[in-house]
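Engineer: structure of the sequence below:
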Amino acid sequence: MIIFALFMFILMLMAGGMAVDFMRFETTRTKLQGTIDRAVLAAADMDQELSPAAVVQDYFAKSGMTPFLTGTPLVEEGLNYRRVSAEAQATMTMLFADLMLIFTDPDIVPFRSTIVAPAVSAAEERVTNVEVSLVVDVSGSMSSNNRFYNMQQAAYEFIDTIMANNGIPEEGLMSMSIVAYSSVVNLGSAVAPYYDIDTLHEYSNCVLLPDSVFASTALPMGGHGVAGTTPYTQVSHYEQWYDYSLGETLYEPICFAGEENAVIVHSTSADDLKGMIESLDVYGNTAIDLGMKWGTAFLDPGTRPLVTGLIGSNDVQDVVLGRPMNFGLSDNLKVIVLMTDGQNTTEYDLEEPYKSGMSPIWFDRDGSWESIGDVSYNDISILIDDDGSPNDFSDDTFFWLDQPYWNRFHHYLDSSFECNTPAQRA
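Structural biologist: Numbers count the residues shown, from 1 in each chain. All right, here's what the predicted structure looks like:
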């Protein structure tokens with residue numbers, strides 16, 4: 001009975017010891033798993049500005065578990081997601097599992113058995129609805145040193161990366177607007193009608209923006225001012241750098257005519273977006289603030305009527321109905337990407353009386369069939385002194401463009417002055 005009792009006591013001691021070992025194991029494993037779970041959750045937060053891997057490592061350091069972290073945490077991230085995974089393991093010595101060896105094999109040092117406590121964790125944060133404004137610089141300086149080509153290649157890659165997951169429901173919907181800017185932004189014939197613009201001509205669709213609209217992300221479609229009823233001013237159709245393109249066809253107008261460099265709003269087609277990038281042309285000064293303003297406006301919910309209208313006219317895919325989405329939604333991400341080579345320069349426009357109405361430039365054409373661009377300098381004059389009478393030019397003074405300096409100024413009724421017919425005024 002004594003031998004049996006001693007044997008049973010050893011078995012009970014061994015079983016109790018193993019229970020202690022496994023409790024130690026479970027306590028360590030639980031602490032390890034809890035630490036790694038908290039670490040990857042914090043690292044996967046897209047608002048986290050620190051390196052995700054460094055966040056995981058810091059959690060383990062603060063918990064005194066740095067030796068247990070296996071390798072470097074794996075981080076995968078894109079525009080609308082971040083995924084972080086990590087592994088850890090703790091090797092523990094079994095203090096009581098080898099207790100029987102004291103009796104069965106005393107020469108073997110006890111406590112040699114170990115058990116591994118593993119911990120694996122992964123966390124991901126993903127925003128399913130993404131709205132992007134790609135704002136690209138097409139000013140004249142981009143044509144040097146392969147800047148424009150490099151920008152195009154970067155834009156192609158960016159578009160492919162963003163649009164790659166469209167069509168996969170769980171990945172959400174990506175839509176992109178492209179704003180090409182120089183000193184102006186061409187809205188194009190599809191977008192311009194949705195804004196209240198004081199239209200001066202039909203050649204192009206660029207507008208001047210007052211300082212007041214830069215105080216917020218919104219760009220009111222009904223105009224600006226206190227009550228939002230003042231129309232935006234249309235950029236004049238003229239050339240900034242050239243003086244030899246007379247006539248209706250300008251060599252390089254300040255605002256590209258027609259649809260050239262026109263904006264694209266909330267497209268889901270990678271082909272359409274890349275097609276626009278491919279067709280861009282460079283010219284003019286640089287207005288980063290103007291490009292950014294339009295890029296911001298196309299992300300502001302106030303632009304939703306524009307997108308709805310473009311869907312109705314089949315200029316935008318109907319899957320983007322309801323965009324731009326409201327600010328502050330957890331499942332929506334708004335992003336602006338700017339590609340530029342420099343800083344702001346001067347933005348120009350014509351002043352009155354050259355912006356609207358009849359100009360002070362007069363042409364002596366040989367007949368109605370002769371284009372203004374074919375009139376020689378000898379037959380061109382400029383009105384420099386007007387008494388204000390709309391139909392009385394007798395007291396008006398003209399500067400004759402191609403005469404010697406002693407013979408450049410003439411009154412309207414001067415018989416030697418050829419440009420004396422109101423119908424020939426440009």
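Engineer: going by neighbour count, which residues in stretch 373-392 are buried?
Structural biologist: By 16 or more other CB atoms under 10 Å, the buried positions in stretch 373-392 come out as 375, 379, 380, 381, 383. For the C-beta atoms, the positions are set from N, CA and C on the backbone; glycine is no exception.
Engineer: cool, and stretch 336-347?
Structural biologist: Under the neighbour-count criterion of 16+ other CB under 10 Å, stretch 336-347 has 336, 337, 339, 340, 345, 347 buried.
Engineer: any stretches of the protein with poor pLDDT?
Structural biologist: Across the chain, the ranges flagged by pLDDT under 70 are 13-14, 96-112, 168-171, 226-227, 242-249, 353, 387-394, 412-426.
Engineer: what residues are up against the most centrally placed residue in it?
Structural biologist: Computing the C-alpha centroid of the chain and ranking residues by CA atoms, centre = their mean puts residue 336 first, at 2.6 Å. Shown in contact with residue 336 (CB atoms under 8 Å, 6 or more residues apart in numbering): 132, 133, 135, 292, 295, 296, 299.
Engineer: quick one: name whatever helix or strand follows the host helix or strand of residue 304.
Structural biologist: Residue 304 belongs to helix 304-312 when elements are defined using DSSP states H and E. The element immediately downstream of helix 304-312 (helix or strand, assigned by DSSP H and E) is strand 332-339.
Engineer: that next one: how far from the chain's middle?
Structural biologist: Taking CA atoms, centre = their mean, to the nearest Å, the mean C-alpha location of strand 332-339 is offset from the chain mean by 4 Å.
Engineer: ok, stretch 198-206 next?
Structural biologist: Using CA atoms, centre = their mean, the mean C-alpha position of stretch 198-206 is found 26 Å from that of the whole chain.
Engineer: and what of stretch 397-404?
Structural biologist: That offset, for stretch 397-404, works out to 51 Å (CA atoms, centre = their mean).
Engineer: would you mark the buried spots in that stretch?
Structural biologist: Going by 16+ other CB under 10 Å, stretch 397-404 has these buried residues: 397, 398, 399, 400, 401, 403.
Engineer: still on that earlier bit, so of the contacts of residue 336, which ones are in strands?
Structural biologist: Among the contacts of residue 336, the subset assigned to strands under DSSP state E consists of 132, 133, 135.
Engineer: wait, the last one sits on residue 179?
Structural biologist: Yes. Checked against CB atoms under 8 Å, the pair residue 135 and residue 179 is within contact range at 4.8 Å.
Engineer: neighbour-wise, which of those two wins?
Structural biologist: Using other CB atoms under 10 Å, the more surrounded residue of residue 135 and residue 179 is residue 179, with 28 against 24.
Engineer: for my notes, confirm the more buried one occurs in a strand.
Structural biologist: Yes. Residue 179 sits within a strand when classified using DSSP: H, G, I helix; E, B strand; the rest coil.
Engineer: ok, it touching residue 263?
Structural biologist: Yes. Between residue 179 and residue 263 there is a contact under CB under 8 Å: 5.3 Å.
Engineer: so for the two, which residues contact both of them?
Structural biologist: Joint contacts of residue 179 and residue 263 (CB under 8 Å, 6+ apart) are 185, 294, 298.
Engineer: number of residues surrounding the last one?
Structural biologist: Residue 298 is surrounded by 29 other residues when neighbours are defined as other CB under 10 Å.
Engineer: what residues are up against it?
Structural biologist: 133, 177, 179, 263, 265, 266, 324.
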